[in-house]
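Asks: Got a sequence here, can you build the structure:
(one chain, ligands or ions: 1)
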Amino acid sequence: MRWRSLVLDRSMELKMRINHFPTTVAAANAVADRIAERLKATPNVVLGLATGATMEPVYERLVALHRAGEISFAGVTSFNLDEYVGLPPEDPRSYRATMDSQLFDLVDIDKSRTFVPDGLAADPAAFASRYEAMIREAGGIDLQLLGIGRNGHIGFNEPGADFAARTRVVDLEESTLEANSAFFDGALPPTQAMTMGIGTILESREIIVLATGATKRDAVRTALLGAVTPDCPATVLRRHANVSWWLDAESGADVAGESLAAE
Ligand code: GLP
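Replies: Modelled structure (predicted):
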């Protein structure tokens, strides 16, 4: 069952499409199916990809669909949102290794066209502007998959980030380090990351935000119903014309809004 609601912002000009699902798995599967549809329609689609626990079931389903012969990644180019500074790509906790093990090594994607920020770049500013140039040269991102941090971050753009920011190195908030320590056997992750900027993210033609679980409930409510402010970076998504939110019962509990239809 899928409930859809619309949230109008205060100017009543923009609307967000919100897809509600009863379970985490249902929400993740629906996002994977949406990406799969896009792949079938546009085999050379440029994808923006995200890491994190939220995305794991999405990649699992995409791999399953590929194994079932339903989708091919052969024409895809991908750009990941972010990477920890100081982690080599071979480190299993790096986002490069995570993407390899959860998706890239399990499908027919051309790995030379999978791009992840370089956490070891000797000159991070130079790398970051090259990354931006590579995105432009690929024709821009057609479909950006986004998670959301408990503090409302997108990519690793923490509260306070400039809405116009481009790819750069940022300091991570204490709460982000704590949340992500789950991936580091309880130890703290690196304190810096290279992330696409909010300005970079907003240039994507379409954005899909997947948020699941009770820990995202507050961030989702603020992102959708609070004032648009850098204090909650995800609020900026209300200024984008083509964003959809995909929520489970827990994350979407406060934003059910007016349910218009059951599909
Ligand atoms: C992480 C990533 C984000 C991700 C978010 C949520 O730190 N940098 O890109 O979307 O925070 O992560 P999770 O899905 O593990 O909750």
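Asks: Phi and psi next, for the most centrally placed residue in the chain.
Replies: Residue closest to the mean C-alpha point of the chain, counted by C-alpha atoms, centre = their mean, is residue 146 at 1.8 Å. For residue 146, the backbone dihedrals are phi -130, psi 140 (criterion: degrees, to the nearest 10).
Asks: Next up, the contacts around the closest residue to it other than its chain neighbours.
Replies: The shortest distance from residue 146 to any non-neighbouring residue, by C-beta to C-beta, 6 or more residues apart in numbering, is to residue 209 (4.7 Å). Just so you know, the C-beta spots here come from the backbone N, C-alpha and C atoms, and that holds for glycine as well. Residues near residue 209 by C-beta atoms under 8 Å, 6 or more residues apart in numbering: 146, 147, 148, 234, 237, 243, 244, 245, 246.
Asks: 10 Å instead, please
Replies: 16, 18, 31, 50, 54, 144-148, 154, 220, 223-224, 234, 237, 243-247 (C-beta atoms under 10 Å, 6 or more residues apart in numbering).
Asks: what is it paired to in the beta sheet?
Replies: For residue 209, the beta-bridge partners are residue 146, residue 245 (DSSP bridges).
Asks: Any figure for the gap between it and the ligand?
Replies: From residue 209 across to the ligand, the span is 9 Å (C-beta to the nearest ligand atom, to the nearest Å).
Asks: what's the answer for residue 19, then?
Replies: Distance from residue 19 to the ligand, counting by C-beta to the nearest ligand atom: 17 Å.
Asks: Residue 18 now?
Replies: 18 Å.
Asks: ok, now residue 22?
Replies: In terms of C-beta to the nearest ligand atom, residue 22 sits 19 Å off from the ligand.
Asks: and what of residue 107?
Replies: Look at residue 107 and the ligand: by C-beta to the nearest ligand atom, they are 20 Å apart.
Asks: If I look at that residue, what pLDDT would I see?
Replies: We have a pLDDT of 98 for residue 107.
Asks: Now do the same contact list for it.
Replies: Residues near residue 107 by C-beta under 10 Å, 6+ apart: 59, 62, 63, 65, 66, 67, 71, 72, 73, 74, 76.
Asks: among these, which are in strands?
Replies: Of these, none are assigned to strands by DSSP state E.
Asks: now the residues you listed in CSV, with neighbour count, distance to residue 42 and pLDDT?
Replies: CSV is the format used below for the contacts of residue 107 (neighbours: other C-beta atoms under 10 Å; distance: C-beta to C-beta, whole Å; pLDDT from 0 to 100):
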residue, neighbour count, distance to residue 42, pLDDT
59, 23, 19, 99
62, 24, 15, 98
63, 18, 20, 98
65, 20, 16, 98
66, 19, 16, 98
67, 11, 21, 98
71, 23, 12, 98
72, 15, 12, 98
73, 23, 12, 98
74, 13, 13, 98
76, 24, 9, 98
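Asks: Kindly report the residues of the stretch 1-150 of the chain close to the ligand.
Replies: By C-beta under 6 Å from any ligand atom, the residues of the stretch 1-150 of the chain that approach the ligand are 50, 51, 52, 53, 54, 81, 82, 147, 149.
Asks: out of those residues, which are buried?
Replies: Buried members of those, scored by 16 or more other C-beta atoms under 10 Å, are 50, 51, 52, 54, 81, 82, 147, 149.
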